[in-house]
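Q: The amino acid sequence is not available; the structure is as follows:
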DNA sequence: GCGACATGGATGTCGTGTCATATAGTGACG
DNA sequence: CGTCACTATATGACACGACATCCATGTCGC
């Protein structure tokens, strides 16, 4: 198997397993990983439009995340309000309930990250790998979303 | 953003973008990436049971891939036959049409891997990253599937 | 032999992800 | 002022991916 092919499959495998772990951790909160990502984005930012969220989302890189937001709205976690200036746009922000849940989401994610660090990564150095993957991703929308998020706010 | 979190998002981002590229390359053949993975597995192996395929699949790591195989059967690419010894089991193998398509799949994947190497990776060294990711994945079913595939046959 | 348990697979359900298309609102240019 | 391209969002369609459940079959103990 060529190195590029193995890398592709490794990335696929780790994404799948990571997502399964995260989904399991989030299940008690009633959120999926994608929903948690939206909640996390809104938690530390002023009201955003759908496209604004889309530019910060790693999942769902291209299209605007109307359907994920739909669920969050009907779950009472996100408020969706029109803007008078541009009536096409909607502005999304967390409700009080959403803000409360966002804190628990942050705790859960923190716990998972610490557990991964302790049980999986151990004392292996990962900086080189992170740096390489960052460069590989930097040309794609999803990679740029990560950079924007690091630059923007806490999450 | 903590390193582990960034790693998780980078893996997610690269998986998404890689999948989109692969899906686009495979679209002319009428196959999705998941379907192409099954076809590639069957191309170089004796007839396998559903669980046998499942152990080699990186996507769909846990459950048996009945539905993906369903599609391939109704597309005329895979033959599904019962075994007399254990009547619960089915044995899956490529039809002639499937075998022909498998060659084109291999060409497409090869082309993509070469393009990725040329345009994305360039002369960056990736062995260290591959090695680290391999170790991280080695405890999970999906990671073990990759190892099994490398040991088993060409693909 | 038979009954408990295990195994292989099929299927229902839910939530994405992706693409294509539709709809409404905006702005610019003549 | 009309129209025409563009933008923000919504929606339909399709295939996954994960989980749970169900059914048929096989196995093992007694």
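A: That came through fine. Please read all numbers here as calculations on a predicted model, not as lab measurements.
Q: quick one: residue A:37 and DNA strand C, what's the gap?
A: For residue A:37, the distance to DNA strand C (CB to the nearest atom of the strand, to the nearest Å) stands at 8 Å. For glycine as for every other residue, the C-beta is placed from the backbone atoms N, C-alpha and C.
Q: pLDDT of the stretch of helix or strand that residue belongs to, averaged?
A: Following DSSP states H and E, one finds residue A:37 within helix A:33-43. Mean pLDDT, computed over helix A:33-43, is 98.
Q: looking at chain A, which helix or strand is least sure?
A: Least confident helix or strand of chain A, by mean pLDDT, DSSP states H and E, is helix A:141-152 with a mean of 91.
Q: do that one and DNA strand C meet at all?
A: No: counting by CB under 7 Å from any atom of the strand, DNA strand C has no neighbours in helix A:141-152; the shortest distance is 7.9 Å.
Q: The helix holding residue A:37 relative to helix A:141-152, how many degrees between them?
A: Between helix A:33-43 and helix A:141-152, the angle comes out at 30 degrees (axes from the mean of the first three to the mean of the last three CA atoms, to 10 degrees).
Q: and whichever helix or strand comes after helix A:33-43, anywhere near chain B?
A: Sequence-wise, the next helix or strand downstream of helix A:33-43 (DSSP H and E) is helix A:50-54. No: Helix A:50-54 lies out of reach of chain B by CB under 8 Å from any CB of the partner chain, never closer than 13.2 Å.
Q: can you tell if helix A:50-54 touches DNA strand D?
A: Yes: interface with DNA strand D: helix A:50-54 contributes A:50-52 (CB under 7 Å from any atom of the strand).
Q: Residues in contact with that helix: which ones?
A: Helix A:50-54 has contacts (CB atoms under 8 Å, 6 or more residues apart in numbering or on different chains) with A:38, A:41-42, A:60-66, A:69, A:90, A:92.
Q: now check that helix, is it near DNA strand C?
A: No: judged by CB under 7 Å from any atom of the strand, helix A:50-54 and DNA strand C are separated, with a smallest distance of 10.2 Å.
Q: List the buried residues of that helix.
A: Of the residues in helix A:50-54, those buried by neighbour count under the rule 16 or more other CB atoms under 10 Å in any protein chain shown are A:50, A:52-54.
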